[in-house]
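Asks: my questions are about this predicted structure, shown below with the sequence.
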Amino acid sequence: MPRHRLVLWDIDHTLIDTGGVGREVFADAFHKVTGVSMREQASVHGRTEQVIFADTARLHGLAPDSFDFADFANALADGYRGRAAEMRERGHALPGAASALAALDEQEGVVQTVVSGNPRAVSHVKLEVFGLDERIDFALGAYGDDHTARPELVRAARELAGQRYGILFDETNTVIIGDTPADVDAGREGGARVIAVATGASGRDALSGADHVFADLSETAALVELVCR
């Protein structure tokens, strides 16, 4: 039997960059759901969409509980679908992303899914736009409409994979790959080894709590070795 490995991918600034389209889609969805034009957006780095939406609502004097987050998540997904061509034009898959996904897909026993602060539908659309969706098992992922705390997303994905494969996924055979200190903390608290990439706003020093930090995903062989060890 192959030795299973569960790989939990973050999306934004780990695998892709939307080129600024993401903030614009958020603003459009915020206006559609709340009726208020977004003047400023709460911090997004390493946070789940539910938390970002709630904090942004408060910045505008709105009570987050007055709105159904599912409506906002659907508006986001529709926005990304409607601007897919623009996102391809302005954004890009990050260096090494496609090669890393392909190389891990070739390893027997490796399962790749997503742990993202994005809602489920948004996660799928974003990766599909850049052709990075085919090697991801989205059914085993955990998303920003599942939990507000990222460690809970790691635990949820581990449990789903355990149910599917009938084995225990823990910090010995689960790896989260992300670009923020929040991803590092999610792995530490949620039960996963952590590989960080300094492709977002956080430099190597801020990511030092990870088991390993890469400049980006282009060191394919080294990444595969770390995941499969």
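Replies: Yep, that arrived.

Asks: show me where this protein has strands.
Replies: According to DSSP state E, the chain carries its strands in the segments 5-9, 16-17, 92-93, 110-114, 174-178, 193-197, 212-214.

Asks: for Leu153, what are its contacts?
Replies: Residues counted as contacts of Leu153 (CB atoms under 8 Å, 6 or more residues apart in numbering) are 48, 115-117, 142-144, 146-147, 186, 190. C-beta coordinates here come from the backbone N, C-alpha and C atoms, glycine included.

Asks: out of those residues, which sit inside helices?
Replies: 186, 190 (DSSP state H).

Asks: would you convert the contacts of Leu153 into JSON lines that also reports pLDDT, distance to Gly96 and neighbour count?
Replies: Below are the contacts of Leu153 laid out as JSON lines (pLDDT from 0 to 100; distance: CB to CB, whole Å; neighbours: other CB atoms under 10 Å):
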{"residue": "Thr48", "pLDDT": "93", "distance to Gly96": "26", "neighbour count": "24"}
{"residue": "Val115", "pLDDT": "97", "distance to Gly96": "19", "neighbour count": "35"}
{"residue": "Ser116", "pLDDT": "95", "distance to Gly96": "19", "neighbour count": "29"}
{"residue": "Gly117", "pLDDT": "94", "distance to Gly96": "22", "neighbour count": "29"}
{"residue": "Ala142", "pLDDT": "97", "distance to Gly96": "24", "neighbour count": "25"}
{"residue": "Tyr143", "pLDDT": "97", "distance to Gly96": "24", "neighbour count": "26"}
{"residue": "Gly144", "pLDDT": "93", "distance to Gly96": "25", "neighbour count": "26"}
{"residue": "Asp146", "pLDDT": "93", "distance to Gly96": "28", "neighbour count": "17"}
{"residue": "His147", "pLDDT": "92", "distance to Gly96": "29", "neighbour count": "17"}
{"residue": "Ala186", "pLDDT": "97", "distance to Gly96": "22", "neighbour count": "27"}
{"residue": "Gly190", "pLDDT": "97", "distance to Gly96": "25", "neighbour count": "24"}
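
Asks: ok, the contacts of Leu153 vs His31, which is closest?
Replies: Gly144 (19.6 Å; CB to CB).

Asks: how close does that closest one get to Val115?
Replies: 10 Å (CB to CB, to the nearest Å).

Asks: rewinding a little: between the strands of the chain, which one is closest to Val125.
Replies: Closest among the strands of the chain, using CB to CB: strand 16-17, at 11.0 Å.

Asks: what lies in contact with the closest one?
Replies: 91-94, 97, 126-127, 129-130, 132.
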